[in-house]
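> quick one: sequence plus predicted model below, questions after.
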Amino acid sequence: MVGKEISRRTFFKVAAGAAAASGLSPQVRRIALEPFVRPPEEELPGRATWFASTCRQCPAGCGIIVRVINGRARKIEGNPNHPLNRGKLCARGQSGLQVLYNPDRLHNAVRQSGGRGSRIFSPIPWDEALNELSATLQSLRDPQALAVLAGQPSDHLYTILASFLEGVGAPPAVIFDLHSALDGRADYASMSSRWFGERQLPIYDLAHAQVVFSFGANLLETWMSPVAQSAAYGQMRQGSLGGRGVFVQFEPRLSATGASADEWIPIPPGSEGIIALALGRIIVEENLGRAGKHNGHAHLYRNVSVADAAQASGFSVEELRRLAHLFAEADRPLAIPGGQLTGHTNSAQAMDAVMALNVIMRRLGRSGGVFMPQPVPAERFTSPAPTSNLDEVLDLVERMRSGDVEIFMFHGANPIYELPAWVGFKEALEEVPLVISFNPFVDETAVQADLILPDHTYLEGWGYQVVSPSIDRPVVSGQQPVTQPLHDTRSTVDILLSLANRLGGTVARDLPWNDEVGFLEESSAQLHDNSISIYDARTPAGFWSLWRQHGGWWSKREIKREPEAVGMPKEAMTVPAATFQGDEATYPFHLMPYSSLTLSDGRGANQPWLQETPDPMTTARWNTWIEINPESARSLAVRDNDMVNVTSAFGSLQAAVVVYPGIRPDTVAIPIGQGHSDYGRFAAMRGANVMDLLTPSPEDQNGKFTFGATRVRIEKIGQMKPLARLEDLDGEGRESIR
Amino acid sequence: MAKAVRASAEQKLEENNRRWGMVIDLDRCTGCQACVVACHAENNVPVVGEHEATRGHSMHWIRIERYWEGEYPNVKARFMPVLCQHCGEAPCEPVCPVFATYHTPEGLNAQVYNRCIGTRFCGAACPYKVRAFNWFRPDFPEPLDQQLNPDVSVRQRGIIEKCSFCVQRIRRVELDAAASGREVEDGEVQPACVQSCPPSALIFGDLNDPESEASQFSRSRRAFRLLDFLGTDPAVVYLKGGETNV
């Protein structure tokens, strides 16, 4: 055979024959051939693989599937089986790839070697960072000197973080971010516990409602769970129920949500509760609706004068009566208190007044009404991350300022950008000897940190999120890596687990898991063999793999609970007039900061897709603008694109004017999200941060986040800044597409 | 023996007798821009930045137009998603000197990037202003280039691009169906915008199939077509907002 070419097949035949003939081997061994480069097992070149995970661009927890080709994530879509978003996804969710592939991500752990604010970073090995961290933690004289702020932590991170802090004896983490604050999540939890005796967020069955009254809820944009709410909205409009639902929006500025409403009621800022009370009074007094008698509710409205409410809100009594009739005479009316009203001084009473409309119309637990979520039937998933009130943040700032905090760590939040300037977070941070960021980006707060230990972005990381507000059934959204980490980043949960291990003692006993995945596997096993599970497996390991395949866990059938109005007020309800900061003569306009549809609370600003996507109402992009009613613009002698100074009693900023027909003449609105000084090339040095304008909460408000209570004045500068709007303006209000 | 003549791909498409079309329910549309970002992501549409966007050079293949009606306080804003209407009598097609823009047998108004020489005649002829010209070489700073969809070519400077109804998705579904020996089902093809739309305002399908959902909706009494009087015969049908079918 020498000199002849031997094919691979022939070689094996001969070799096997030789082995058999020689009798040396009892059987032919099977040995896998190892190629030089081994592709991932599931990969076929050019063939897409889809992985199910969870979107983390906002706290809603939509299910996603990610198209992966040759190991790289290429497209994010909604998970069609996920009960929350049913395959749909919003603009921010679509843009998640630009978090993963962002050119301004940190590539490894760094120390700010040039001192805080220098933006000079030098890489440090992970071992060194962890050694330093555990040494510092061990040398802490008092564990109370460790403080943690987390924004929108996924529930698995929150669980680990809470036990870690408890184990080392540190105070609980403050959970605060601007997006959740604008949603009014903390206020919502308080409202739920007042009315229904539990802190879960109520669920609104928008899809089956016939008349929806939304009091400042921008439910088609950023509020709570916008994809699920948009899907329900579509069904409410043109669903199979027959008959088209009516949608009425009460808000001072016509939002994109308001634009989709049948009626926009331009109420004065902070008067939501007063109007809701007046509507309730009319319903009870005239005994409207077919839901039964209102005798039991009369006491709630004893002190309400419809005439006073009409005067306070600027609407006629007839108009209020018309709205009350519209609401009460519908078969399935629904009233929703939104995020905007939580920014006023009277928010608690206003939310109660709106929720009372649902109660007196007996909308609790009815189709098209209000429900409470069924808890996930496993202990691990019953204590989702709470949202702190601003007063807890102010406490933290006070502790930092007085030197009581020696280590400050933050994750998922960017407090220097997100908190109003009056809080003084940046100044307080200077008093802290060691500041550590876990954010994957160099944002405004990370610039003031000593160490940055970047977490993976959500498409590279593990986790789970109990969906809240929930949908028609209990849902846990599962998060798993869809691709290998792009850079040398490390999961914050893994860091905490390894710190616990190094520290030993209680905290090591409380956090016994080797790594994040071990914890998640054990958590998922708590739902194994549950009778309502959408899937089942014989073993916990099989269950865990189904968990990852499906992108989490949910019930196979609808389970909704009827809330019980255990906390129905015994006394007459009152809503005090909202108070505002700054006197009317000096500061003639109410300032309304609003969450940007694309950038939300500013965390979308580093994603060019979101920057280039037009705001639906103004079609403006890439910058900050101020919306002014045409009549007010005339009296200020400003036109589109004129730069103005906007001044409050606390601060000032500059923005370009958008003459906006859908806003009250006494109100101006500025979107949140721009005005970053850092946070990467797409975000930095662009527009202004409206948080710089907000005035401190009034003394009697106990540290409430009154983001709607600032008054401003406006002065023309005499410069122009053409905004990058999609539409062209001819100067006479005529629009055309460029 | 005479060799059997295999039908060309073009002939097969003709036999299918499809006309791809889209129905947009304005009563469901909330102007949320999910379709806009989904389209950028699926079709590698470049981002031009603030300066060029200010000059009107942004390249969205689909946009949400917003129209004000009335004056404060009785003011209304209406949204209207506008994308290439894939006209049956497309004004952009006869003006192209190099046949870069042409009509496929299944009703798509296609743009052949390799033929385009950048005269921009088509952009000038299009009454819907949905054609975007690449004034610059698209820039995807690393590693943002890894977001690119490998099924869609990145266009170079100097050519026109526009909505393709996600032709790569249509082809993928057709190939998958052919491989498993079945017909393409109604609703199986979903362009990226349709796939993402949270309130399900967009419906895609074969307008020549009377049973398809899109075709049924296109016969609704709410139906109208954009600038229909121009005689362009658009394949995009809008459903007027504010009332029901029932």
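In hand now; what should we look at? What you see is a predicted model; the values in this text were computed from it and never measured.
> tell me the SS of residue 130?
Using chain A here. helix (DSSP: H, G, I helix; E, B strand; the rest coil).
> oops, I was thinking of chain B
From three-state DSSP, the assignment for residue B:130 is coil.
> quick one: the helices in the stretch 451-600 of chain A?
For the stretch 451-600 of chain A, the helices defined by DSSP state H, counting those that start in this stretch occupy A:492-503, A:505-510, A:516-525, A:540-550.
> distance of residue A:635 from residue A:590?
16 Å (Cβ to Cβ, to the nearest Å). (C-beta placed from N, C-alpha, C; glycine too.)
> what about these two, which has more around it?
Between residue A:635 and residue A:590, counted using other Cβ atoms under 10 Å in any protein chain shown, residue A:590 has the larger neighbour count: 25 against 11.
> right, and the more buried one touches residue A:580 too?
Yes. Counting by Cβ atoms under 8 Å, residue A:590 touches residue A:580, with 6.7 Å between them.
> which residues do those two both contact?
Listed as contacting both residue A:590 and residue A:580 by Cβ atoms under 8 Å, 6 or more residues apart in numbering or on different chains are A:269, A:710-711.
> and chain A, what are its domains?
A:1-31, A:200-373, A:589-737 (automatic domain parsing).
> nearest to residue B:237, of the ones you listed?
Ranking the domains of chain A by distance to residue B:237, with Cβ to Cβ as the measure, places domain A:200-373 first at 14.7 Å.
> end to end, how far does that closest one reach?
Distance across domain A:200-373, first residue to last, is 7 Å (Cα to Cα, to the nearest Å).
> and for stretch A:118-126?
22 Å.
> of all the residues in that stretch, which ones are buried?
Residues of stretch A:118-126 classed as buried: A:121, A:124 (neighbour count, 16 or more other Cβ atoms under 10 Å in any protein chain shown).
> give the contact list for the closest residue to residue B:158 other than its chain neighbours.
Leaving aside its chain neighbours, residue B:158 sits nearest to residue B:118 (4.2 Å; criterion: Cβ to Cβ, 6 or more residues apart in numbering or on different chains). By Cβ under 8 Å, 6+ apart, the contact set of residue B:118 is B:133, B:158-160.
> bridge partners for residue B:238, pull those for me.
residue B:24, residue B:224 (DSSP bridges).
> that one: neighbouring residues, count only.
Counted with other Cβ under 10 Å, residue B:238 comes out at 22.
> hmm, residue B:227 and it touching each other?
No. Residue B:238 is beyond contact range of residue B:227, at 11.0 Å (criterion: Cβ under 8 Å).
> which residues do the two both contact?
By Cβ under 8 Å, 6+ apart, no residue touches both residue B:238 and residue B:227.
> close to chain B: what parts of the stretch 451-600 of chain A are there?
A:486, A:597-598 (Cβ under 8 Å from any Cβ of the partner chain).
> quick one: contacts for residue B:169?
B:42, B:189-192.
> please report phi then psi for residue A:249.
Dihedral angles phi and psi of residue A:249 (degrees, to the nearest 10) take the values phi -110, psi 130.
> how much space between it and chain B?
Computed as Cβ to the nearest Cβ, to the nearest Å, the residue A:249 to chain B distance reads 12 Å.
> test my guess that that residue contacts residue A:263.
Yes. If you go by Cβ under 8 Å, residue A:249 and residue A:263 touch, sitting 7.2 Å apart.
> who's more crowded, these two?
residue A:249 (28 against 15).
> by mean pLDDT, point me to the weakest helix or strand of chain A.
helix A:8-22 (a mean of 54; mean pLDDT, DSSP states H and E).
> quick one: average confidence on the helix or strand following it?
Counting by DSSP states H and E, the next helix or strand C-terminal to helix A:8-22 is strand A:49-54. For strand A:49-54, the mean per-residue pLDDT is 95.
> spell out which strands sit alongside strand A:49-54 in the sheet and which way each one runs.
In the sheet, strand A:49-54 lines up with strand A:63-69 (antiparallel) (DSSP bridges).
> by mean pLDDT, which helix or strand of chain B comes out lowest?
Across helices and strands of chain B (mean pLDDT, DSSP H and E), lowest is helix B:9-16: a mean of 72.
> output the lengthiest helix in chain B as PDB - backbone C-alpha positions only.
Secondary structure of chain B per DSSP state H: the longest helix is helix B:167-179. Provided in PDB are the C-alpha atoms of helix B:167-179 (Å, rounded to 0.1, in the frame of the first residue of the first chain):
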ATOM      1  CA  VAL B 167     -37.900  40.700   1.200                       C
ATOM      2  CA  GLN B 168     -35.300  38.700   3.100                       C
ATOM      3  CA  ARG B 169     -38.000  37.500   5.500                       C
ATOM      4  CA  ILE B 170     -40.300  36.700   2.600                       C
ATOM      5  CA  ARG B 171     -37.600  34.600   0.900                       C
ATOM      6  CA  ARG B 172     -36.800  32.800   4.200                       C
ATOM      7  CA  VAL B 173     -40.400  31.800   4.700                       C
ATOM      8  CA  GLU B 174     -40.800  30.700   1.100                       C
ATOM      9  CA  LEU B 175     -37.600  28.600   1.300                       C
ATOM     10  CA  ASP B 176     -38.600  27.000   4.600                       C
ATOM     11  CA  ALA B 177     -42.000  26.200   3.200                       C
ATOM     12  CA  ALA B 178     -40.600  24.800   0.000                       C
ATOM     13  CA  ALA B 179     -38.100  22.700   1.900                       C
END
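> next helix or strand past that helix?
Beyond helix B:167-179 toward the C-terminal end (DSSP H and E), the next one is helix B:192-196.
> whichever helix or strand comes after that following helix and chain A, any residue contact?
Following helix B:192-196 in sequence order, the next helix or strand is strand B:202-206 (DSSP H and E). No. For a cut-off given as Cβ under 8 Å from any Cβ, strand B:202-206 has no contacts with chain A; the smallest distance is 10.6 Å.
> strand B:202-206 vs helix B:167-179, what angle?
With axes from the mean of the first three to the mean of the last three Cα atoms, to 10 degrees applied, the angle from strand B:202-206 to helix B:167-179 works out at 50 degrees.
> packing partners of the helix or strand that strand B:202-206 is followed by?
Remark: after strand B:202-206, the chain's next helix or strand is helix B:213-218, criterion DSSP H and E. With contacts defined as 3 or more Cβ pairs under 8 Å, 6 or more residues apart in numbering or on different chains; DSSP states H and E, helix B:213-218 has these neighbours: strand B:20-25, strand B:202-206, strand B:236-239.
> what's in contact with helix B:213-218?
Counting by Cβ under 8 Å, 6+ apart, residues outside helix B:213-218 touching it are B:21-23, B:25, B:186-187, B:203-210, B:223, B:237, B:239.
> which intervals of the chain have sub-threshold pLDDT?
Going with chain A. Flagging of chain A using pLDDT under 70 yields the residue ranges A:1-29, A:34-43, A:240-242, A:729-738.
> wait, chain B was what I had in mind.
B:1-10, B:243-246.
> list the buried residues for the lengthiest strand in chain A?
Longest strand in chain A by number of residues (criterion: DSSP state E): strand A:711-720. Buried residues in strand A:711-720, counting neighbours by 16+ other Cβ under 10 Å, are found at A:711-714.
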